[in-house]
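>>> Structure here, sequence nowhere to be found:
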């Protein structure tokens with residue numbers, strides 16, 4: 001974790017092997033690889049095989065645009081082969097503090113291996129800064145480190161935001177309304193920090209922790225989430241009764257714990273809503289094997 005920037009705003013992690021064990025997990029992996037610029041370019045420009053990945057950690061300090069940041073991956077790599085293939089495709093190499101840095105000037109992308117089991121990729125300044133931190137580690141705040149450890153041990157995919165949750169939403173999602181005019185942005189605008197994870201199986205089990213401005217806002221947030229779940233089930237018919245009834249809301253001071261489970265199509269619809277995709281999921285398609 002010492003590769004992460006001290007002013008990190010958003011962290012997201014995936015246990016690739018755990019997620020790949022279910023069709024829904026494979027769907028999320030595919031979406032993450034396709035949507036994350038650093039991971040996608042590492043695959044297309046540098047020839048990193050996504051199947052060689054075991055864990056992925058994405059970190060950014062540029063919310064809400066996320067145009068700067070790093071992706072750190074653990075897996076089984078053959079650095080000389082990756083570097084050679086990258087050079088064949090026009091990349092160049094340089095030594096940066098005794099680490100071979102592969103750069104793609106066309107996209108401003110950098111990639112470096114720290115051993116054969118760990119790679120860093122992202123925009124060039126961010127990769128260099130990560131190498132600096134690897135050589136001179138910093139101490140991540142204990143609460144953040146503990147939350148990362150908790151989520152990564154319990155869930156197949158997780159996310160932590162140290163900034164207002166409303167800033168994480170794409171513009172198309174933030175301005176979109178839902179039932180009775182309740183939009184994702186209106187629900188999240190009073191959330192100062194949030195974190196959550198999902199465990200994939202026949203159902204997606206979701207757990208989240210949100211920090212609101214005040215205890216009253218935490219209570220209001222919980223009531224709003226209940227209302228939205230009930231409306232999605234009763235009016236929009238986007239949730240099965242069992243899914244809506246699975247919601248557990250537990251406010252404690254200005255903190256709010258949430259948990260619920262969703263079917264495969266329900267989770268895909270929620271994922272697309274949050275990520276800003278307009279197409280609604282229907283019958284699940286076969287996913288690529290990871």
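Everything's here; your move. Everything quoted here is computed from the prediction, not taken from an experiment.

>>> what residue ranges in the stretch 101-250 of the chain are flagged as low confidence?
Along the stretch 101-250 of the chain, the model assigns pLDDT under 70 to residues 168-187, 236.

>>> the domain parsing of the protein - what is it?
The record's domain split for the chain, according to automatic domain parsing, is 10-135, 164-275.

>>> now these as TSV including mean neighbour count and distance to residue 153?
The C-beta positions use only the backbone N, C-alpha and C, and glycine is treated the same way. Shown next, in TSV, are the domains of the chain (neighbours: other CB atoms under 10 Å; distance: least, CB to CB, whole Å):
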stretch	mean neighbour count	distance to residue 153
domain 10-135	18	9
domain 164-275	17	10
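
>>> so which of the ones you listed gets nearest residue 147?
Residue 147 lies closest, by CB to CB, to one member of the domains of the chain: domain 164-275, at 5.7 Å.

>>> quick one, what contacts residue 122?
38, 68-71, 109-110, 130 (CB atoms under 8 Å, 6 or more residues apart in numbering).

>>> do the same with residue 82
Applying CB under 8 Å, 6+ apart, the residues near residue 82 are 46-48, 102, 111, 113.

>>> remind me, longest helix of the protein?
Taking DSSP state H as the criterion, the chain has its longest helix at helix 215-234.

>>> ok, and what's touching the following helix or strand past that helix?
Sequence-wise, the next helix or strand downstream of helix 215-234 (DSSP states H and E) is helix 241-245. Helix 241-245 has contacts (CB under 8 Å, 6+ apart) with 229-230, 232-234, 260-263, 266.

>>> how big is the angle separating the following helix or strand past helix 241-245 from helix 215-234?
Downstream of helix 241-245, the next assigned helix or strand under DSSP H and E is strand 248-252. Going by axes from the mean of the first three to the mean of the last three CA atoms, to 10 degrees, strand 248-252 is angled at 170 degrees with respect to helix 215-234.

>>> List the strands paired with the helix or strand following strand 248-252, with their directions.
Note on strand 248-252: by DSSP H and E, the next helix or strand toward the C-terminus is strand 255-262. Applying DSSP bridges, strand 255-262 is found paired with strand 204-212 (antiparallel), strand 248-252 (antiparallel).
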